[in-house]
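Chemist: Here is a sequence together with a model predicted from it:
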Amino acid sequence: MGYYSQMINLDGVQSFAEGGNRKCYISPINPKRCLKVLHENLLENLQKNSAWYKRLGNSDGLDDNLREEKAYKQKAIISPINSSIWNHLAKWHGMVETNLGPASETELITNDGEIAETLEAYLFREGLTPEIKSALSNFENWLRAHLVLTKNIIPHNLVIKKENNALVLKIIDGLGSKSFIPLPKYSKFFARIYVERRIELMWSRIHWDLSGRNGNWK
Ligand SMILES: Nc1ncnc2c1ncn2[C@@H]1O[C@H](COP(=O)(O)OP(=O)(O)OP(=O)(O)O)[C@@H](O)[C@H]1O
Ligand SMILES: [Mg+2]
């Protein structure tokens, strides 16, 4: 929240989507950007209802915007092996103040002016087409090359950008490391194991979605 930045007013702005934690708005200041605000009372309710919250002493583990801010500062992203690091990531523009609370400002992913569809929506409609298999394979190779640390990769946290007649997957949520012991953060060896496991679980989740979500996906 820079000294000169001005509070953004989201009154009268309709959210275009929401997840379990945040509401997403097109920025009234820059229509190429997305503003994500925590659901009203989310933190307060968690604070009230969760005994372990008090032991944590802060809301870092619960606040998705804080989690994301830290996650974008991971080594793979701040000192990337090459510029292809941005091929599969929505750009992150920091936190801004809004009248609904602090917002995480990111690149809004669109296709011909329409907000990009999630992988989940695509799979439910089209299934595992050759085009999306190819997009998933490129995405896997990128994860392995850069060793980007993510939480479990869920199809509604990836959106599809159309680039030169091909489909390109972009992570719009879920960066960060899931492991309690932060070994993958410091060791390439553990990062590789960690990333392989995320890819394996991504496929398990995709097949679970496609099978009508029977049983457990992990
Ligand atoms: N940068 C973006 N560009 C296009 N669409 C986006 C973008 N960010 C979010 N969305 C859409 O908004 C939805 C909710 O956003 P997001 O996943 O960040 O919310 P969340 O509450 O953190 O999600 P979760 O329920 O996974 O915790 C996404 O599933 C996607 O459809
Ligand atoms: Mg999400």
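Modeler: Everything's here; your move. Just so it is clear, the structure is predicted and the values come from calculations on it, not from any experiment. Numbers count the residues shown, from 1 in each chain. Ligands and ions are numbered 1, 2, ... in the order given.
Chemist: and the protein, which of its residues are near ligand 1?
Modeler: The chain has residues 17-22, 24, 34, 36, 64, 90, 106-109, 115-116, 118, 156-157, 159, 172-173 near ligand 1, with proximity defined as CB under 6 Å from any ligand atom. Glycine gets a C-beta too; all of them are placed from N, C-alpha and C.
Chemist: My read is that residue 210 contacts residue 126, right?
Modeler: No: Residue 210 is beyond contact range of residue 126, at 10.5 Å (criterion: CB atoms under 8 Å).
Chemist: which parts of stretch 145-153 are buried?
Modeler: For stretch 145-153, burial by neighbour count (16 or more other CB atoms under 10 Å) applies to 146, 147, 148, 149, 150, 151, 153.
Chemist: just stretch 73-86 next, same as before
Modeler: In stretch 73-86, counting by 16+ other CB under 10 Å, buried: 74, 76, 77, 85.
Chemist: Wait, a helix at the third one?
Modeler: Yes: assigned with DSSP: H, G, I helix; E, B strand; the rest coil, residue 77 falls within a helix.
Chemist: Show the contacting residues for it.
Modeler: If you count contacts by CB atoms under 8 Å, 6 or more residues apart in numbering, residue 77 has them with 85, 89, 148.
Chemist: try 10 Å this time
Modeler: Taking CB atoms under 10 Å, 6 or more residues apart in numbering, we find residue 77 in contact with 71, 85, 86, 89, 92, 146, 148, 149, 175.
Chemist: The first one now?
Modeler: By CB under 10 Å, 6+ apart, the residues touching residue 74 are 146, 147, 148, 149, 150, 175, 176, 177, 184, 185, 191.
Chemist: what do you get if the cut-off is 6 Å, keeping everything else the same?
Modeler: Listed by CB atoms under 6 Å, 6 or more residues apart in numbering, the contact set of residue 74 reads residue 149.
Chemist: repeat for the last one
Modeler: With contacts taken as CB under 6 Å, 6+ apart, residue 85 has the following neighbours: residue 146.
Chemist: can you name the two of the buried residues of stretch 145-153 that are farthest apart?
Modeler: Greatest spacing in the buried residues of stretch 145-153, by CB to CB: 146 and 151 (16.1 Å).
Chemist: is ligand 2 contacted by stretch 78-96?
Modeler: No: applying CB under 5 Å from the ion, one finds stretch 78-96 separated from ligand 2 by no less than 11.6 Å.
Chemist: brain fart, stretch 110-128
Modeler: No: figure legend: stretch 110-128 not in contact with ligand 2 (CB under 5 Å from the ion); closest approach 8.9 Å.
Chemist: who's more crowded, residue 210 and residue 126?
Modeler: residue 210 (13 against 10; other CB atoms under 10 Å).
Chemist: May I have the predicted confidence score for that one?
Modeler: You'll see residue 210 listed with a pLDDT of 95.
Chemist: Give me the distance between it and residue 64.
Modeler: Separation of residue 210 from residue 64 (CB to CB, to the nearest Å): 27 Å.
Chemist: Low-confidence ranges, the protein, go.
Modeler: 1-5, 42-62, 179-180 (pLDDT under 70).
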